[in-house]
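K.L.:
Here you go, sequence then predicted model.
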Amino acid sequence: MDGHAFAGGLVTAAACDRRVAVDVGARFALNEVSISIPMPAAYVRMMAYAWGEKVAAQLSLFGDQFDPDRAVQLGVVDELAPADQVLERAVAIAEAVPDDCLEHYAFTKRAAQAAALRDIADLADPLDEELPTWFTSPDAQHAHRRYWRQLKGSEPTF
């Protein structure tokens, strides 16, 4: 991660096997709830697998921003690197698995994630049916407008 990772960007990072982030200047947060966007159950479960249940719950419920050092403390990021070395380090990690072991890596990864993947499949369908109503409720509309004003300093046009 060579910069900020908010919302879906941080969720995407949770799906990665290893996470390397820039050591200075980046900010991280899961701010969906604070702007009235419900976090899908499948995402919360995926983050719980990646970071542990307590960290996943705290980050997704409260939306606090944190810096790279705190990201490492929380286990959200595995290691930090200077900005000009982040990509190089990430590639080195990816290349550490020999080509003739990739199938074994994939098999072992599926085994390690089996319980989480079953949970995600079980959670996703029933809860995600409720998501559209959460996006359009009066509270959600109010929160979206509030966030727009905070972000843009003007009244929203929607």
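P.N.:
Ah, there it is.
K.L.:
for the protein, what spans make up the helices?
P.N.:
8-14, 41-51, 53-62, 68-74, 86-95, 102-128, 131-136, 138-152 (DSSP state H).
K.L.:
Contacts for the lowest-mean-pLDDT helix or strand in the chain next, please.
P.N.:
Ranked by mean pLDDT, DSSP states H and E, the helix or strand of the chain with the weakest confidence is helix 131-136, at a mean of 72. Here helix 131-136 makes contact (Cβ atoms under 8 Å, 6 or more residues apart in numbering) with 36-38, 40, 140. In short, each C-beta sits where N, CA and C put it, glycine included.
K.L.:
In strands, which of these fall?
P.N.:
Among these, no member falls in strands (DSSP state E).
K.L.:
tell me which of the residues you listed is nearest to Trp148?
P.N.:
Ser36 (11.4 Å; Cβ to Cβ).
K.L.:
Backbone dihedrals for the closest one, please?
P.N.:
With angles defined as degrees, to the nearest 10, Ser36 sits at phi 70, psi 40.
K.L.:
Perfect, I'm done here.
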